[in-house]
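In: below is the structure, and that's it, no one-letter string:
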């Protein structure tokens, strides 16, 4: 029997699988992640960790768990919160949950595009606050989505799923990627274009890149200034892909008409943050994968990864 620690309460399917395998399970029951001091105490003696993207899992945490720690099973695709080199040096396996959240995240990205362009949230507030007195011939105008040109930055699973939705709206699809994607180009009618060449041409830009040293602050003030006047930026990737201060400038003084953001920097975003005060920003609390079936499948995958390592087997979805 191994000790398994979950840093948050996940869908029960994960916990049922771990308990059914005969392991001891400790779960942090707080709504938010455990404070650092509590996390270090919680993981002591663990052989397996179930973690979320809000947990900073570094060498200190791994050492606090002790030499018996075998696996860190991330309940997410991204693992930028985990020190992979520290894990590798200690012989600890790191796993994630790829593929399963593709469609749910693409759904939300396109929902943010529509909501930002057509000012859905702003209109909802207008009605609820009792300000709607009559139909306005020039009120709540926004850019058309159907037939517009969209640039997809990062053309992996989620970027391509987003492109399928864009194709349904008759959009012209441009994309950036480290490598060409000829099959996706043929299926979707997409065209690969260098980022800085495409930005002045795109009515909409949707971000789907992982957070790496190369993509951190990829959209700084210089790059945001290149965007087409009246364009819309959507980010369901990671908040730190965009320079927040530059984004506020782009939305207030620069070229952007609006932004739809599921991720921010900082995250969570304080209610008095400049982004939160702008009418032309649609904000959601990092819920890209929050479909019921998707989250349950993520929990199941995380448990399968963890249990495989504890059995001495290769996990289905290894990162390290």
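Out: Right, received. Where do you want to start? As the structure is a computational prediction, the values presented were derived from the model and not from experiment.

In: from here on, contacts and neighbour counts on C-alpha atoms
Out: Fine.

In: for the chain, which helix extends over the most residues?
Out: When the chain is scanned for its longest helix (criterion: DSSP state H), the result is helix 292-310.

In: who does it touch, helix- and strand-wise?
Out: With contacts taken as 3 or more Cα pairs under 8 Å, 6 or more residues apart in numbering; DSSP states H and E, helix 292-310 sits against helix 12-20, strand 48-51, strand 71-74, strand 93-95.

In: closest one to residue 150 among these?
Out: Of all the helices and strands packed on helix 292-310, strand 71-74 sits nearest to residue 150, with 31.7 Å by Cα to Cα.

In: and the contacts of that closest one?
Out: Strand 71-74 is contacted from outside by 47-53, 92-97, 302-303, 305-306, 309-310, using Cα atoms under 8 Å, 6 or more residues apart in numbering.

In: which residues touch the residue sitting nearest the centre point of the chain?
Out: Central residue of the chain (Cα atoms, centre = their mean): residue 237, 4.1 Å from the mean position. Neighbouring residues of residue 237 by Cα under 8 Å, 6+ apart: 207, 208, 209, 210, 211, 262, 263.

In: excluding residues flanking it in the chain, which one is nearest it?
Out: Nearest in space to residue 237, with sequence neighbours left out and distances taken as Cα to Cα, 6 or more residues apart in numbering, is residue 208 at 5.1 Å.

In: need phi/psi at the one you found.
Out: Phi and psi for residue 208, reported as degrees, to the nearest 10, are phi -140, psi 40.

In: over to residue 274?
Out: Per-residue torsions, residue 274: phi -50, psi -40 (degrees, to the nearest 10).

In: and the nearest residue to it once chain neighbours are set aside, how far from residue 233?
Out: Of all residues not flanking residue 274 in the chain, residue 248 sits nearest, at 7.0 Å (Cα to Cα, 6+ apart). Between residue 248 and residue 233 the computed distance is 12 Å (Cα to Cα, to the nearest Å).

In: between these two, which is the more surrounded one?
Out: For residue 248 versus residue 233, neighbours defined as other Cα atoms under 10 Å are more numerous around residue 233 (27 against 18).

In: surely the more buried one is in a strand?
Out: Yes. Assessed by DSSP: H, G, I helix; E, B strand; the rest coil, residue 233 belongs to a strand.

In: for residue 280, see how far away it is.
Out: Per Cα to Cα, residue 233 is found 11 Å from residue 280.
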